[in-house]
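K.L.:
sequence and predicted structure below; questions after.
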Amino acid sequence: MKKIRPLLVIFILLTLSLEAQRRPPGFKNNDKIKALKTAYITNALDLTSKEAEKFWPVYNVYDRRIMDLRFKKTRELRNKVKTREEFDAMKEKDAALLLNDFLNIEKDILAAKSSLNKQLLKIISAKKILKLYKAEDDFNRRLLKRLQNRKGPNKRQGRPN
């Protein structure tokens, strides 16, 4: 269950991203989500103005890197095998290479998180960094719940009616 949650959050954020690309130029749903996330994290960490001034540039670089890895790079790999037929026709050697590519993305995510920790320890306490990770998780859960509620109780994808 714990492994499914991050994937579900990633799927929802990817869906939001794709949906935002289909909307008219004036629609700024991604910007709204980003603003809500920024406010939520700032509040959860109780950042001083001095901390926030140093924190957000570092965090935003990290966040863009993670989004690139989780969505763009992962999407590219998933596009290599779009259908069940393509998957079934894949040779074992190609499957092993694809699996290795997915694992490399996970390693890159871990490296980005490790780099973030090192940079943030110069700005905020370790305790606030832990609060950051909890705040990110809480925000993603709330976003997911809000999206599920928008669909209605019987219209959720992957759920029996």
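P.N.:
Nice, I can see it.

K.L.:
check contacts around Phe87.
P.N.:
Val81 (C-beta atoms under 8 Å, 6 or more residues apart in numbering). All C-beta spots, glycine's among them, are computed from the backbone N, C-alpha and C.

K.L.:
now Ala44
P.N.:
Neighbouring residues of Ala44 by C-beta under 8 Å, 6+ apart: 131-132, 134-135, 138.

K.L.:
ChimeraX command for the buried members of the residues you listed?
P.N.:
Burial among these is assessed by 16 or more other C-beta atoms under 10 Å; the matching ChimeraX selection reads:
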select :131,132,135
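
K.L.:
inside helices: which ones of the contacts of Ala44?
P.N.:
Using DSSP state H, 131-132, 134-135, 138 are the members of the contacts of Ala44 that sit in helices.

K.L.:
pLDDT added to the contacts of Ala44, as TSV?
P.N.:
Below are the contacts of Ala44 laid out as TSV (pLDDT from 0 to 100):
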residue	pLDDT
Lys131	97
Leu132	97
Lys134	97
Ala135	96
Asp138	96
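
K.L.:
what's near enough to touch Gln136?
P.N.:
That one is not Gln; residue 136 is Glu. Going by C-beta under 8 Å, 6+ apart, Glu136 touches Ile41.

K.L.:
in this structure, where is pLDDT below threshold?
P.N.:
Within the chain, the stretches with pLDDT under 70 are 1-29, 152-161.

K.L.:
rewinding a little: tabulate the contacts of Ala44 (CSV), appending distance to Asp108.
P.N.:
Listed next are the contacts of Ala44 as CSV, based on distance: C-beta to C-beta, whole Å:
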residue, distance to Asp108
Lys131, 24
Leu132, 20
Lys134, 23
Ala135, 23
Asp138, 25
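
K.L.:
sort out which one of the ones in helices among the contacts of Ala44 lies nearest Ser114 for me.
P.N.:
Distances from Ser114 to the ones in helices among the contacts of Ala44, taken as C-beta to C-beta, are shortest for Leu132 (14.0 Å).
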